[in-house]
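Chemist: structure here, sequence nowhere to be found:
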């Protein structure tokens, strides 16, 4: 567990700073016993608007497509919520993106509800130390982890132990974890 991170918290969080055209990604990765942070300019996506429509959460939505960092995506956005934003790093349409997925359905983001907050609160980062990297350095670290998982963990002075079929603890012997990154570049 990483100090300062609430129990059960794990994964990548995206913070969008529209005033400064900046996106910050944090990874509260307990496999590395550290958290990572990188910043980049807000991605500019070139969307193709299509004449297809469907309702999502009672909102009329229009379909759009784009290619972003090696994957083709289909998005559904609504102009009834005129917010130029969406999940993860997506944005740039004339309304809120309520659903987006890559064309192979490996990654799907879908809005399941919308509510109005009773009071505005600032978005805050967890008060923990982050190792700051460039996006490319972070991606290379994740690739290295997936290609040689056990040697990577052992190089950190750690062991990977699981409960075996005989009920006794034993060290894992596999060498890699399948890798299917959302960003292929």
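Modeler: Received the coordinates, thanks. Quick caveat: nothing in here was measured; it's all calculated off a predicted structure.
Chemist: quickly list the domain ranges of this protein.
Modeler: Annotated domains of the chain cover 48-110, 148-180 [automatic domain parsing].
Chemist: adding distance to residue 27, write these out as TSV.
Modeler: Every C-beta, even on glycine, is put in place using the N, C-alpha and C of the backbone. Output for the domains of the chain, formatted as TSV (distance: least, Cβ to Cβ, whole Å):
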stretch	distance to residue 27
domain 48-110	13
domain 148-180	15
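Chemist: for residue 25, find the nearest of those.
Modeler: Set against residue 25 and scored by Cβ to Cβ, the domains of the chain come closest in domain 48-110, at 8.2 Å.
Chemist: run a quick neighbour tally on residue 37.
Modeler: By other Cβ atoms under 10 Å, the residues close to residue 37 number 18.
Chemist: then the one 10 residues further on?
Modeler: Around residue 47 sit 18 other residues, with neighbours defined as other Cβ under 10 Å.
Chemist: so what does it look like in phi/psi?
Modeler: Dihedral angles of residue 47 (phi, psi; degrees, to the nearest 10) stand at phi -100, psi 150.
Chemist: still on that earlier bit, least reliable of the domains of the chain going by mean pLDDT?
Modeler: Within these, the stretch with the lowest mean pLDDT is domain 148-180, showing a mean of 67.
Chemist: all helices of this structure, in order?
Modeler: Secondary structure of the chain by DSSP state H: the helices cover 135-147, 149-155.
Chemist: of all these, which one is nearest residue 83?
Modeler: With Cβ to Cβ as the measure, helix 135-147 is the member of the helices of the chain nearest residue 83 (24.9 Å).
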